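**Q** Using only what follows, build the 3D model:
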Amino acid sequence: MNPRIFLALAPLLLTPLAQAADCANATTQAAMNQCAAEQHQAADKELNTLYQRITQRLKDNPDGKKLLVSAQRAWVAFRDAECGFAASGVAGSSVYPLIYSNCTTDLTKARVEAFKTYLKCQEGDLSCPVPGN
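**A** This is a model prediction of the structure:
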């Protein structure tokens, strides 16, 4: 590839990265919606990582693992329904994705904290469903 063409196209390649990184200064509704979606994706990624850690700890407890899967499915259904309701006042508007994403992010972060608590259980703690290391 001709280096001049690459240099001419380089700013176009970096534009999405620059936009994604500037959430603190987002001024358009589209940018705010995108930033909210990115925040939710980050929280969801952390949740999935913790979920995998918990399932690993439950590898010798198939009943416990089944209960975790059931609880997580119910939680996802609750999160989606709750946030659909919470954002229903702005349904159909350009701000809906922002409100919905902020809600899902907040609930996901709360679930992350619950999972972190499960992972901190001490051996012998009978109130904890996840065995310690």
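
**Q** The most centrally placed residue in the chain and Gly89: what is the separation?
**A** With distances taken as C-alpha atoms, centre = their mean, Asp44 lies nearest the centre of the chain, 1.9 Å away. Applying C-beta to C-beta, to the nearest Å, the value for Asp44 to Gly89 is 24 Å. The C-beta positions use only the backbone N, C-alpha and C, and glycine is treated the same way.

**Q** likewise Tyr118?
**A** Using C-beta to C-beta, Tyr118 is found at 34 Å from Gly89.

**Q** Looking at those two, which has the bigger crowd around it?
**A** Here Tyr118 and Gly89 are compared on neighbour count by other C-beta atoms under 10 Å; more neighbours surround Tyr118, at 18 against 10.

**Q** That one contacts Cys128, correct?
**A** Yes: with contact defined as C-beta atoms under 8 Å, Tyr118 and Cys128 form a contacting pair (6.6 Å).

**Q** need the contact list for Val90.
**A** Val90 makes contacts with Tyr96, Ile99, as judged by C-beta atoms under 8 Å, 6 or more residues apart in numbering.

**Q** Phi, psi for it please.
**A** When quoted as degrees, to the nearest 10, the phi and psi of Val90 stand at phi -120, psi 20.

**Q** Just the buried residues of the longest helix anywhere in the chain, please?
**A** Assignment by DSSP state H gives helix 29-57 as the longest helix of the chain. Going by neighbour count (16 or more other C-beta atoms under 10 Å), the buried part of helix 29-57 is 32-37, 39-40, 43-44, 46-47, 50-51, 54, 57.

**Q** And for stretch 78-86?
**A** For stretch 78-86, the neighbour count (16+ other C-beta under 10 Å) marks Arg79, Cys83, Ala86 as buried.

**Q** now stretch 123-133
**A** Across stretch 123-133, burial judged by 16+ other C-beta under 10 Å covers Pro129, Val130, Pro131.

**Q** Thanks a lot, see you next time.
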